[in-house]
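> please find the sequence and the predicted model below.
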Amino acid sequence: MKPLLEVLKRIRKPAVYTSHQRRLSSCASSGLLTLPIRDEALIVGSSRELVQRLGSQVEVKTGFITEEEEGVFLAELEPGLKKKRYEFDHWDDAIHGYRETERAKWGAKCEEVLSRVRSVAFPEGSPLLGPVHILDLDKTGYIKPHIDSVKFCGSTIAGLSLLSDSIMRLVKEDATNEWLDLLLPRRSLYILRDQARFNFTHQILKDDESVFNGQRVPRLRRISVICRNLPM
Ligand code: OGA
Ligand code: MN
């Protein structure tokens, strides 16, 4: 087992929320507030104030990679992933139904995409976690609420989504009535920074809970390619 994966496994302890679902549906019936500054509303939340306040620390960039680039990533990643089995039964894991790996060396086309990710997501000169993290969620897999380790990861997390749309939910750690849902379309890039990264848990919803702003978003197998920086 490689060190980054060891670290991630230890630090992604699931947080437990019992009443969020209920609160969410009551919010839904009163009309969710969307962020209007993007071409499509990819972010909804518990209040307009929160969406605006956190909006600058959360980005979703639709169509960040082309279909062809997605194919190149898959061709590069599938052979290694296929050798692993999806893990379903570690009840204390933050992730259910997944396999993962990390990669430091990439072919030229992927490297080109990754440098695009780095240049839009991270402050110039910010030292990055060397290897890129690859997480392959089975169709039935999901990520429970957690906060990435502050000991090992810095202020910014940036992820490409391959193969499936999905919903990432952020919930304020000390005020669970404050939340944002991000629609992450296939081939988009999301970026979480600062408060959104440190003070909110993030999770990827399972297929049967995958509803964005009242709209069902089927969750298929999803591979994410995640870049992180180092703590200051
Ligand atoms: C993680 C995580 C999000 C994603 O691995 O810690 O939150 O997009 N992943 O897969
Ligand atoms: Mn995480």
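Cool, got the structure. Ligands and ions are numbered 1, 2, ... in the order given.
> report the contact partners of the residue of the chain found nearest ligand 1.
Closest contact between the chain and ligand 1, by CB to the nearest ligand atom, is at Ser224 (3.3 Å). All C-beta spots, glycine's among them, are computed from the backbone N, C-alpha and C. By CB atoms under 8 Å, 6 or more residues apart in numbering, Ser224 lies in contact with 134-135, 137, 159-162.
> hmm, 6 Å instead?
135, 159, 161 (CB atoms under 6 Å, 6 or more residues apart in numbering).
> could you find the closest non-adjacent residue to the last one?
It stands for Ser161. Leu184 (4.8 Å; CB to CB, 6 or more residues apart in numbering).
> still on that earlier bit, also near ligand 1: which of the contacts of Ser224, exactly?
135, 159 (CB under 6 Å from any ligand atom).
> from the contacts of Ser224, which land in strands?
135, 159, 161 (DSSP state E).
> so which of the residues you listed comes closest to Phe88?
Ranked by distance to Phe88 (CB to CB), the ones in strands among the contacts of Ser224 are led by Leu135 at 14.6 Å.
> elements contacting the helix or strand hosting Lys139?
In this assignment (DSSP states H and E), Lys139 forms part of strand 132-146. Applying 3 or more CB pairs under 6 Å, 6 or more residues apart in numbering; DSSP states H and E, one finds that strand 132-146 makes contact with strand 95-103, strand 200-204, strand 222-228.
> can you pull the residues of the protein lying near ligand 1?
Counting by CB under 6 Å from any ligand atom, the chain sits next to ligand 1 at 12, 135, 143, 148, 159, 202, 204, 224, 226.
> wasn't Cys110 part of a helix?
Yes - counting by DSSP: H, G, I helix; E, B strand; the rest coil, Cys110 falls inside a helix.
> next one, pLDDT for it please.
Listed pLDDT for Cys110 reads 98.
> wait, what's in contact with it?
Counted by CB under 6 Å, 6+ apart, Cys110 has contacts 73, 76.
> separation between it and Val51?
33 Å (CB to CB, to the nearest Å).
> repeat that for Val72.
Going from Val72 to Val51 by CB to CB gives 34 Å.
> same deal with Ala196?
11 Å.
> when these two are compared, which one has more neighbours?
Shown here are Ala196 and Val51; by other CB atoms under 10 Å, Ala196 has more neighbours (24 against 21).
> how about the nearest residue to the more buried one, chain neighbours excluded?
The nearest residue in space to Ala196 (CB to CB, 6+ apart) is Gln57, at 4.0 Å.
> one step back: who does the residue of the chain closest to ligand 1 bridge with?
With DSSP bridges as the criterion, Ser224 is bridged to Leu135, Ser161.
> export the helices and strands packed on strand 132-146 to a markdown table and tack on distance to Gly154?
Output for those, formatted as a markdown table (distance: least, CB to CB, whole Å):
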| stretch | distance to Gly154 |
| --- | --- |
| strand 95-103 | 17 |
| strand 200-204 | 15 |
| strand 222-228 | 7 |
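> could you export the ones you listed as TSV, including mean pLDDT?
Output for these, formatted as TSV (pLDDT from 0 to 100):
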stretch	mean pLDDT
strand 95-103	96
strand 200-204	98
strand 222-228	98
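> nearest to Gly45, out of those?
Nearest of these (CB to CB): strand 200-204, 10.6 Å.
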